[in-house]
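S.K.: with the input below, show me the fold.
(one chain, ligands or ions: 2)
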Amino acid sequence: MVSFEQKICPRAELKARMANLPQPVVLTNGVFDILHRGHVTYLAQARAQGASLVVAVNTDASVKRLGKGDDRPINTCADRMAVLAALEAVSLVVEFDEDTALGVVQEGQPDIYVKGGDYKMDEIPEGQAVLAYGGKVVAIAFEHDRSTSKLLSKVRQQR
Ligand SMILES: Nc1ncnc2c1ncn2[C@@H]1O[C@H](COP(=O)(O)OP(=O)(O)OP(=O)(O)O)[C@@H](O)[C@H]1O
Ligand SMILES: O=P(O)(O)O[C@@H]1O[C@H]([C@H](O)CO)[C@@H](O)[C@H](O)[C@@H]1O
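M.R.: Ligands and ions are numbered 1, 2, ... in the order given. From the prediction side, this is the model:
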């Protein structure tokens, strides 16, 4: 195992591993299928909200249920987690199999919950849960017009 893979955390150990991270802890979640500049800028800005960053990643079955396309995810959950774990901004990576990351948020109770500016924090279950226990929520504005879906259409047009 290479050293960054130690950042990949079994769900059952999440609470204990989060307690050992530098505080305050920021948590975000998402698919992160084909990593791009928008993602890495977003993750660096999320990390800058606190002292550590936990990323909860949708399992392959969970991605399928999000309806992004029959061929998605392109990269397996294990690969998506390894790529995220290799980033300097990321402290811990955990997978979740549910439709939302509400359970992860309830278990981990991060000080700060972050999503991209494409979400309204008080309208998503994770944001509502964090606000309910007195945590902070932050929506990060898009700085680069990038997405995995756009990258895939570009590649498909060039075939
Ligand atoms: N260009 C971007 N700038 C800032 N944040 C982003 C950007 N793209 C995605 N994010 C954020 O990163 C997280 C993961 O996003 P996701 O993997 O769905 O990105 P995506 O590239 O838009 O994917 P897809 O095209 O598959 O929907 C989400 O919280 C989202 O708000
Ligand atoms: O990468 P995405 O599509 O931004 O990630 C999704 O975010 C949803 C959001 O937190 C609203 O609930 C979440 O429900 C979904 O499971 C994906 O993580």
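
S.K.: and the helix or strand of the chain with the lowest mean pLDDT, what does it pack against?
M.R.: Here the helix or strand of the chain ranked lowest by mean pLDDT, DSSP states H and E is helix 148-157, holding a mean of 93. Here helix 148-157 touches no other helix or strand, going by 3 or more C-beta pairs under 8 Å, 6 or more residues apart in numbering; DSSP states H and E. No exception for glycine: its C-beta is placed from N, CA and C like everyone else's.

S.K.: does ligand 2 have contacts with that helix?
M.R.: No - judged by C-beta under 6 Å from any ligand atom, helix 148-157 and ligand 2 are separated, with a smallest distance of 8.6 Å.

S.K.: which other residues reach that helix?
M.R.: Helix 148-157 is contacted by residues 31, 33-34, 36, 68-69, 74 when judged by C-beta atoms under 8 Å, 6 or more residues apart in numbering.

S.K.: one more: stretch 62-73?
M.R.: Under the contact criterion C-beta under 8 Å, 6+ apart, stretch 62-73 has outside partners 31, 33, 58, 60, 77, 80, 96-99, 149.

S.K.: for the residues you listed, which one is nearest ligand 2?
M.R.: Nearest to ligand 2 out of the contacts of stretch 62-73 is Val31 (C-beta to the nearest ligand atom; 3.8 Å).

S.K.: could you report the neighbour count for the closest one?
M.R.: 19 (other C-beta atoms under 10 Å).

S.K.: could you verify my assumption that it touches Ala56?
M.R.: No - Val31 is not in contact with Ala56 according to C-beta atoms under 8 Å; the separation is 10.7 Å.

S.K.: so what's Asn75 up against?
M.R.: Residues near Asn75 by C-beta under 8 Å, 6+ apart: 33-34, 83.

S.K.: distance check, it against Val104.
M.R.: Going from Asn75 to Val104 by C-beta to C-beta, to the nearest Å gives 20 Å.
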